[in-house]
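# kindly return the folded structure for what I paste below:
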Amino acid sequence: MNGALILNIENQPESEFTSWSLLHFIEGLDKNNNTSFNKQILESLKSKPKVMTLLLANRIINNLSEWSADRTLFLTALKEVASNNDFDPFVRKQAGKFYEYQINKQMKNKYLISK
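Below you'll find the predicted structure:
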């Protein structure tokens, strides 16, 4: 079911489309990790990224351990969106902000751990 929801997000005419209610609903569908939620978000980021899918990706990253392979996949996807000239400039800028935020947070955590 959330595949249709992701497709709905991709098909929104505005790249800035955001619905917090929809975001929370999609997250709620995957509470038990019984859907392909992460895979669908990654695929969407590669094909038709929107601010909404960036928000979902950022929230997924927030819940992953620093050593998770999925974390690396999502960080790479954000970086690729930020550098892809075929995507909407606003979406690219937001992807870059989310990527920088996550990298800075990771560096801060490493610093705090080493103290």
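
# low-scoring pLDDT stretches of the protein, where are they?
For the chain, the stretches with pLDDT under 70 are 1-2, 31-35, 109-115.

# middle-most residue in it, spatially?
In the chain, the centroid-proximal residue (CA atoms, centre = their mean) is Ala57; its distance is 1.6 Å.

# helix or strand: which one has that one?
helix 51-62 (DSSP states H and E).

# can you name every helix or strand that that helix contacts?
Here helix 51-62 touches helix 2-10, helix 20-29, helix 37-47, helix 69-83, helix 89-114, going by 3 or more CB pairs under 8 Å, 6 or more residues apart in numbering; DSSP states H and E. Heads up, the C-betas are built off the backbone N, CA and C, glycines and all.

# list the buried residues of it.
In terms of neighbour count (16 or more other CB atoms under 10 Å), helix 51-62 has its buried residues at 51-58, 60-61.

# and the residues you listed, which is closest to Gly28?
Leu56 (12.2 Å; CB to CB).

# so who does the closest residue in space to that closest one that isn't next to it in sequence touch?
Among residues not flanking Leu56 along the chain, Ile41 sits closest, at 5.2 Å (CB to CB, 6 or more residues apart in numbering). The contact partners of Ile41, taken as CB atoms under 8 Å, 6 or more residues apart in numbering, are 6, 53, 56-57, 60, 74.

# same thing but 7 Å
6, 53, 56-57, 60 (CB atoms under 7 Å, 6 or more residues apart in numbering).

# how near is Ser15 to Asp30?
Distance, Ser15 to Asp30, using CB to CB, to the nearest Å: 24 Å.

# and for Gly3?
According to CB to CB, Gly3 stands 12 Å off from Asp30.

# that concludes my questions; thank you for your assistance.
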